[in-house]
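Enquirer: Quick one, fold the following:
(2 chains)
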Amino acid sequence: MRLVILDDYAQSSEWAAKYICNRIIQFNPSEDRYFTLGLPTGSTPYGCYQKLIQYHRSGDLSFKYVKTFNMDEYVGLPRSHPQSYHSYMWNNFFKHIDINPANAHILDGNADDLEEECQKYEEKIQEAGGIQLFVGGIGPDGHIAFNEPGSSLVSRTRVKTLAKDTIMANARFFDNDLSKVPTMALTVGVGTVMDAKEVLILITGAHKALALSRAIEEGVNHMWTVSAFQQHPTTTFVCDEDATLELRVKTVKYFKGLMHVHNKLVDPVLSMKDQDK
Amino acid sequence: MPSNKSVSDAPITQFINCRILRDHHLQREDLWVREGRILDPEKLFFDEKGYADERVDCEGSIIAPGFIDVQINGGYGIDFSQPSNDVSSGISLVAQKILEHGVTSFCPTLVTSPPSVYHKVLPQVKVHGGGRHGAGVLGFHLEGPFISLEKKGAHPEQYLRTFSSGGKDDLMETYGGLDNVAMVTLAPELPNSQSAVRELCQRGITVSLGHSVANLSQAEEAVQAGASFITHLFNAMLPFHHRDPGIVGLLTSDQIPPGRMVYYGMIADGIHTNPAALRIAHRAHPSGLVLVTDAITAMGLPPGRHTLGQQVVEIQGLHAYVAGTTTLCGSIATMDMCVRHFKQASGCSVEEALEGASLHPAQLLGISHKKGNLDYGSDADLVLLDDALNVKATYISGEEVWRRGA
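Expert: Numbering: from 1, shown residues only, chains lettered A, B, ... in the order given. Alright, predicted model coming up:
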């Protein structure tokens, strides 16, 4: 694992965005060979999306040959509801970039047959050639996507009932009314994300510190599903100082000492303007 | 990228680099148009996997809904109340010229006239949409002849009428027919006016109170019977008095039926209403303010003397005088001038100034489901403006119909 520690939210968002940008450009995607990107929602990746939009606006990054697969979506929430993950992705990312709408995939929480929808999603990922880079976040209960504590670490895309912790964490988006928060969601499985070539997890804020420490300093445990990525060959955790508050000093010092190595991944930041097209 | 839009193959235009007026404030958002209507880009993206065919760079302009003028008597030498065999070409000429002022729909207004004029003129012009040929006609505004003698203003006294046949019959006898009529201004203190008000409202025609000496109770009764507008507030009505506010009192009346609103027209040219009075009205009832030009034949003509019908008029700046006198003979401000002046005089926000010329008139006429706003599904009648609210370009149904400097 790489543990990349930046000073604050802004810097960690920028580091993550540069990393994603470089990965896409290094891959050199084209009409015959799309770059497949797994994407999260929530307040953590917001800054990263802002940066990616900026790189697109300045002409350095195009999503023309990128296919995206979001991690999850609520069940039963109208797609046009301002809190749906479709709305989040449209407003915070898709409407600002040049991705082909046919290549932006999000689970449909209003499908007639939810299990079939999940099955089809797995197939779409297969057809796209698998995910090159899956970007994710972590819940306060250590979950990845909506793989709540107790989820199988080899799970696939399926319907999940949300844990109390998650519902409470989400209440702030629904006028703090617990009764308005959806109780079920469609989510990619832990196994689905593990299949990606690379995984990038963004973790910022003191409220995520405990989850981070359980995920990387304890054993692989289905109660903290992010811990599964200890067994993935290429996982990068990007976090800010506050998220490291529950880690051992030794862990933090070790990885901070490696920053000069980590920074080679984002310096220089590549640009599509320099590519021969 | 290949087209794979499932709902329609019609081309989609995306206006970028602009600030649009939506939900009562200016937002940095793109505006999408298809088949003459505002399109929901999120639905297009997810439902149809569609994208824009054409992008229009607005270079930072403001995009507001096209302006709607519900009181305009003519312009550029044309007088709508002059009976002629070819009224529609006069209306068409004005309709085309006012595109330059950002007006995309209007109500050609006829002042008090004899029945023969109404019978001749009304059938010649139908409600129709706008386009390159000019702004759309929403229907006539008939200002008179059922108005007060005392407050006739410049209307010809000999053609004033009363509801002597009970109301409904008087309307049909006088006007000949009510098709293609959007609004009627009348004085509610005239006996039997209630029956006329009800008849008009039943036909979906907006009833406006004006050229009247009604007191507040008479005005309120008319509102309860269906009236919803006040023609050029303050002008041609009793002045506000603290023990009988008259028609002006409707702005803060508590007798308005629930769910209804009274709108009021303001000629914000800086001449017909003192800015302090404009501010009092605006502050008392901001959501009811409707900007109107009440423009006369001389609007749009260059400074100097002009012979218009029986009158010789002298234009100096924004003033139109009876030649050789200091008597004002009407308004010649254009709608965009009114918007700018209103903003400056009232200190209101850009959004409020723009809504006074678009959203509020649309709400008044009951057409806000398709005009006066940039909501998804509304007609794409647009005006592009710079920060000083000068018109840069005008669009009707998504098509550019005028551009500055073109």
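Enquirer: got a list of what the nearest residue to B:Gly324 once chain neighbours are set aside touches?
Expert: Nearest residue to B:Gly324, sequence neighbours excluded (Cβ to Cβ, 6 or more residues apart in numbering or on different chains): B:Glu314, at 7.3 Å. All C-beta atoms are positioned from the backbone trio N, CA, C, and that covers glycine. Listed by Cβ atoms under 8 Å, 6 or more residues apart in numbering or on different chains, the contact partners of B:Glu314 are B:Gly304, B:Arg305, B:His306, B:Ala320, B:Tyr321, B:Val322, B:Ala323, B:Gly324.
Enquirer: Let's see that with 10 Å instead.
Expert: Contacts for B:Glu314 (Cβ atoms under 10 Å, 6 or more residues apart in numbering or on different chains) come out as B:298, B:303-306, B:320-326, B:329.
Enquirer: and it, how far is that from B:Asp269?
Expert: Per Cβ to Cβ, to the nearest Å, B:Glu314 is found 16 Å from B:Asp269.
Enquirer: same question, B:Ser8
Expert: Between B:Ser8 and B:Asp269 the computed distance is 43 Å (Cβ to Cβ).
Enquirer: next one: A:Cys239
Expert: Distance of A:Cys239 to B:Asp269, computed by Cβ to Cβ: 62 Å.
Enquirer: Which of these two has more residues huddled nearby?
Expert: The residue with more neighbours, out of A:Cys239 and B:Asp269, is A:Cys239; 27 against 21, by other Cβ atoms under 10 Å in any protein chain shown.
Enquirer: surely the more buried one meets A:Met1?
Expert: No. Judged on Cβ atoms under 10 Å, A:Cys239 makes no contact with A:Met1 at a distance of 11.8 Å.
Enquirer: Identify the contacts common to the two.
Expert: A:Ile201, A:Phe255.
Enquirer: Poorly predicted segments of chain B, please.
Expert: B:1-6, B:309-310 (pLDDT under 70).
Enquirer: Which residues are in contact with A:Met194?
Expert: By Cβ under 10 Å, 6+ apart, the contact set of A:Met194 is A:Phe134, A:Ile144, A:Leu153, A:Val154, A:Ser155, A:Ala228, A:Phe229, A:Gln231, A:His232, A:Pro233, A:Thr235.
Enquirer: Can you pull the phi/psi pair for it?
Expert: Backbone torsions of A:Met194, given as degrees, to the nearest 10, read phi -60, psi -30.
Enquirer: so the residue nearest to B:Gly324 is in which element?
Expert: strand B:311-316 (DSSP states H and E).
Enquirer: quick one: buried residues of that strand?
Expert: Neighbour counts over strand B:311-316 (16 or more other Cβ atoms under 10 Å in any protein chain shown) mark B:Gln311, B:Val313, B:Glu314, B:Ile315 as buried.
Enquirer: Quick check: the two most widely separated of those?
Expert: B:Gln311 and B:Ile315 (12.2 Å; Cβ to Cβ).
Enquirer: what's the overlap in contacts for those two?
Expert: Shared contacts of B:Gln311 and B:Ile315 (Cβ under 10 Å, 6+ apart): B:Ala298, B:Ala323.
Enquirer: which of the contacts of B:Glu314 tops the neighbour count?
Expert: Busiest of the contacts of B:Glu314 [other Cβ under 10 Å] is B:Ala320, holding 27 neighbours.
Enquirer: OK, contacts around that residue?
Expert: If a contact means Cβ under 10 Å, 6+ apart, then B:Ala320 has B:271, B:295-299, B:301, B:306, B:308, B:311, B:313-314, B:327-333 as its contacts.
Enquirer: got it, and B:Lys392?
Expert: Residues in contact with B:Lys392, defined by Cβ under 10 Å, 6+ apart, are B:58-59, B:61-63, B:102, B:383-386, B:402-405.
Enquirer: which other residues reach stretch B:299-308?
Expert: Applying Cβ under 10 Å, 6+ apart, the contact partners of stretch B:299-308 are B:72-79, B:82, B:93-94, B:97-98, B:100-101, B:293, B:296-298, B:312-317, B:319-320, B:323-324, B:329-334.
Enquirer: Filter those residues down to just the ones in helices.
Expert: Judged by DSSP state H, the subset of those located in helices is B:Leu93, B:Val94, B:Lys97.
Enquirer: Which of the residues you listed sits closest to chain A?
Expert: B:Lys97 (37.7 Å; Cβ to the nearest Cβ).
Enquirer: Show me which residues of chain A are close to chain B?
Expert: Proximity of chain A to chain B (Cβ under 10 Å from any Cβ of the partner chain) is limited to residues A:64, A:79-80, A:86-87, A:89-91, A:94-96, A:98-104, A:106, A:108.
Enquirer: What is the neighbour count of B:Asp244?
Expert: By other Cβ under 10 Å, the residues close to B:Asp244 number 12.
Enquirer: so where is the stretch 51-200 of chain A shaky, pLDDT-wise?
Expert: The stretch 51-200 of chain A contains no residues with pLDDT under 70.
Enquirer: Thanks a lot, see you next time.
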